[in-house]
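[1] Pasting a predicted model and its sequence here:
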Amino acid sequence: MRKLRADRGNSIVELPFVIWTVLLILFYPMVNYATVAIRSGFVFNAAQTAALTASKARSYSTSTTADPSAQELATSTAHAALDSCSGIRINSVETEIVITKISDKTKSTTKTKLTSPPNLAENTYQLQVTVDTSVDPLIKIDSDTFGDIPGISSAYNLKVTQRHYVENSQGLMR
């Protein structure tokens, strides 16, 4: 007996379903995670630049028109770096002084200026900047279909902390 149908035509019928499955399950999440990863790199760079800029300030919290404080420099630098990037929202920028004892390496932090003069023989002083952001995916997928998945159907909350040694330790009292 002779066959009336060829065996090779099934793949053409199944191809749209396979392509749709590959796009939906693999391609969209990979594109979204890649976008979040690239945008996260911008956040890391902004935090690093903000900490470096703030560590060069002449005062910690007291600013003048000609000489902004470390807190103002950190905030303005982070905003300058990230405001032009689409899909990244800054929730907050926090600046802290990290004091490390040289003898036993214990650390303490303070968000206010120092009340006593810095003792460079016993401590090291660093400025720590924390940038709290929300990073959006490139293509938001409906959360009713897959649920709430950060980086795919909703924003990914990212908090980056960077430190730099203070160049003007006497300025930490102002």
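    Arrived safely, thanks for sending. Numbers count the residues shown, from 1 in each chain.
[2] What separation is there between Ile97 and Tyr156?
    29 Å (C-beta to C-beta, to the nearest Å). In short, each C-beta sits where N, CA and C put it, glycine included.
[3] Do you have the helices of the protein handy? List them.
    Assignment of helices within the chain using DSSP state H yields the ranges 10-22, 28-55, 70-82, 143-146.
[4] Which one of these lies nearest to Ser169?
    For Ser169, the closest of the helices of the chain is helix 28-55, at 10.3 Å, according to C-beta to C-beta.
[5] which regions of this protein sit below the pLDDT cut-off?
    1-10, 143, 146 (pLDDT under 70).
[6] Give me the most central residue, it.
    Nearest to the mean C-alpha position of the chain, by C-alpha atoms, centre = their mean, lies Val43 at 3.6 Å.
[7] ok, now which ones touch that residue?
    By C-beta atoms under 8 Å, 6 or more residues apart in numbering, the contact set of Val43 is Leu82, Ile88, Val131, Thr133, Val135, Leu158, Val160.
[8] nearest to Ile12, of those residues?
    Ile12 has its nearest neighbour among the contacts of Val43 in Val135, at 40.8 Å by C-beta to C-beta.
[9] hang on, the closest one packs against Arg39?
    Yes. Under the criterion of C-beta atoms under 8 Å, Val135 makes contact with Arg39 at 4.7 Å.
[10] Now the common contact residues for the two.
    Shared contacts of Val135 and Arg39, defined by C-beta under 8 Å, 6+ apart, comprise Gly87, Ile88.
[11] hmm, back to that, looking at the helices of the chain, which is buried most?
    Here the criterion is mean neighbour count by mean count of other C-beta atoms under 10 Å, and of the helices of the chain the winner is helix 70-82, at a mean of 21.
[12] burial of the closest residue in space to Asn91 that isn't next to it in sequence, as a residue count?
    In space, and not counting its chain neighbours, Asn91 is closest to Asp132: 4.3 Å by C-beta to C-beta, 6 or more residues apart in numbering. Asp132 sits with 18 neighbouring residues when counted by other C-beta atoms under 10 Å.
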